[in-house]
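**Student:** A predicted structure for the sequence below; I have some questions about it.
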Amino acid sequence: MIEIKNLHKRFGKLQVLDGVSFQVEPGGIIAVLGPNGSGKTTILKTILGMVHPQMGEIYFQGNAVLDKWEYRNDIGYLPQIARFPDNLTVQELINMIKNIRDVEADETELVNRFDLKLSLNKKLGNLSGGTRQKVNIVLTFMFDCPLLILDEPTAGLDPVALIQLKELIQEEKQKGKTLLITTHIMSLVEDLSDQIIFLLEGKIYFQGSVEELQEQTQQTDLEHSIAKILQGDV
Ligand code: ADP
């Protein structure tokens with residue numbers, strides 16, 4: 001599904017990605033983890049063509065993607081910070097995004113699932129952070145894309161919406177989709193992910209299952225495994 005070879009990205013003097021290579025097979029949930037500033041968002045944005053690397057190759061469904069754009073029709077992207085025009089209503093925004101993407105989409109089930117029906121005619125500027133994030137989720141999942149890239153999808157969600165999001169992610173996986181997710185919520189990673197990609201100092205420190213990471217770090221839960229890596233104990 002995705003192949004990344006020897007990716008290098010520098011912002012000014014800051015070398016964020018320093019030879020990142022990994023492969024993701026189609027189908028399943030992959031958590032991209034690492035400390036703050038380790039380049040998680042940069043990798044996701046590079047796959048999407050929003051950040052241009054100094055060096056490296058990216059393949060999506062077997063084709064090189066750098067400087068191309070058509071492949072993005074097959075990717076759903078939930079950005080970490082979604083900025084919406086304050087004076088549009090939720091429904092107007094949904095319609096606008098549907099028009100821009102020009103691919104089949106139906107938001108009705110998602111609007112009901114995330115309890116947004118009464119918010120459809122409200123202006124985006126008047127919504128709470130959690131409700132905006134639910135809108136962000138609807139905009140991402142209403143398209144039928146084989147790859148979903150979710151950057152901190154749980155931000156601001158209440159416990160009910162969090163459970164609904166988890167179920168939605170699992171349903172998408174069951175449909176055979178590939179999901180690339182960054183999150184600080186370790187229980188989400190433990191509950192959902194088939195694989196972890198752990199970034200440290202610009203490189204892939206680990207790629208494998210939660211169980212394999214626990215084994216490698218000799219810990220019984222993910223939080224302690226990661227703490228051990230960050231403390232430099234493994
Ligand atoms: P993460 O998602 O792991 O927290 P990011 O990929 O957002 O990390 O950022 C990695 C580093 O690159 C951070 O130090 C961040 O400040 C820097 N960075 C990201 N985008 C830019 C940019 N457009 N210009 C300059 N520095 C950037």
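**Tutor:** Done, it's in.

**Student:** What strands flank the strand or helix carrying L150, and is each parallel or antiparallel?
**Tutor:** Using DSSP states H and E, L150 sits within strand 147-151. Here strand 147-151 has these sheet partners by DSSP bridges: strand 75-78 (parallel), strand 178-182 (parallel).

**Student:** near the ligand, which residues of the chain?
**Tutor:** F11, L14, V16, G34, N36, G37, S38, G39, K40, T41, T42 (CB under 6 Å from any ligand atom). Placement of C-beta: from N, CA and C, glycine included.

**Student:** hang on, the earlier thing: next helix or strand past the strand holding L150?
**Tutor:** helix 159-174.

**Student:** what's the spacing between that next one and its chain's center?
**Tutor:** Centroid separation between helix 159-174 and its chain, computed with CA atoms, centre = their mean, to the nearest Å, is 14 Å.

**Student:** what do you get for stretch 96-111?
**Tutor:** Centroid separation for stretch 96-111 versus its chain: 19 Å, with CA atoms, centre = their mean.

**Student:** What segments of this structure are helices?
**Tutor:** Along the chain, counting by DSSP state H, helices occupy 40-47, 90-101, 108-113, 129-141, 159-174, 186-192, 210-217, 222-230.

**Student:** Of the ones you listed, give the one that comes closest to I204.
**Tutor:** Across the helices of the chain, I204 has its closest neighbour in helix 40-47 (9.7 Å, CB to CB).

**Student:** measure Q207 to the ligand for me?
**Tutor:** 16 Å (CB to the nearest ligand atom, to the nearest Å).

**Student:** show me what contacts that residue?
**Tutor:** Contact analysis of Q207 by CB atoms under 8 Å, 6 or more residues apart in numbering lists F22, Q195, I196, I197, F198.

**Student:** Mind doing that once more with 7 Å?
**Tutor:** F22, Q195, I197 (CB atoms under 7 Å, 6 or more residues apart in numbering).

**Student:** ok, now M55?
**Tutor:** Contacts of M55 (CB under 7 Å, 6+ apart): N6, H8.

**Student:** Then H8?
**Tutor:** Going by CB under 7 Å, 6+ apart, H8 touches L17, D18, G19, P53, Q54, M55, G56.

**Student:** quick one: which of the residues you listed has the most company?
**Tutor:** L17 (25 neighbours; other CB atoms under 10 Å).

**Student:** shouldn't it be in contact with L7?
**Tutor:** Yes. Here L17 reaches L7: they are 5.0 Å apart, a contact under CB atoms under 7 Å.

**Student:** Pick out the residue closest to the middle of the chain.
**Tutor:** L150 (2.0 Å; CA atoms, centre = their mean).

**Student:** what about it, distance to A64?
**Tutor:** In this view, L150 and A64 are 24 Å apart by CB to CB, to the nearest Å.

**Student:** again, but for L124
**Tutor:** Remark: distance between L124 and A64 (CB to CB) = 37 Å.

**Student:** Which one of those two is surrounded by more residues?
**Tutor:** For L124 versus A64, the count of surrounding residues by other CB under 10 Å is larger for L124: 20 against 12.
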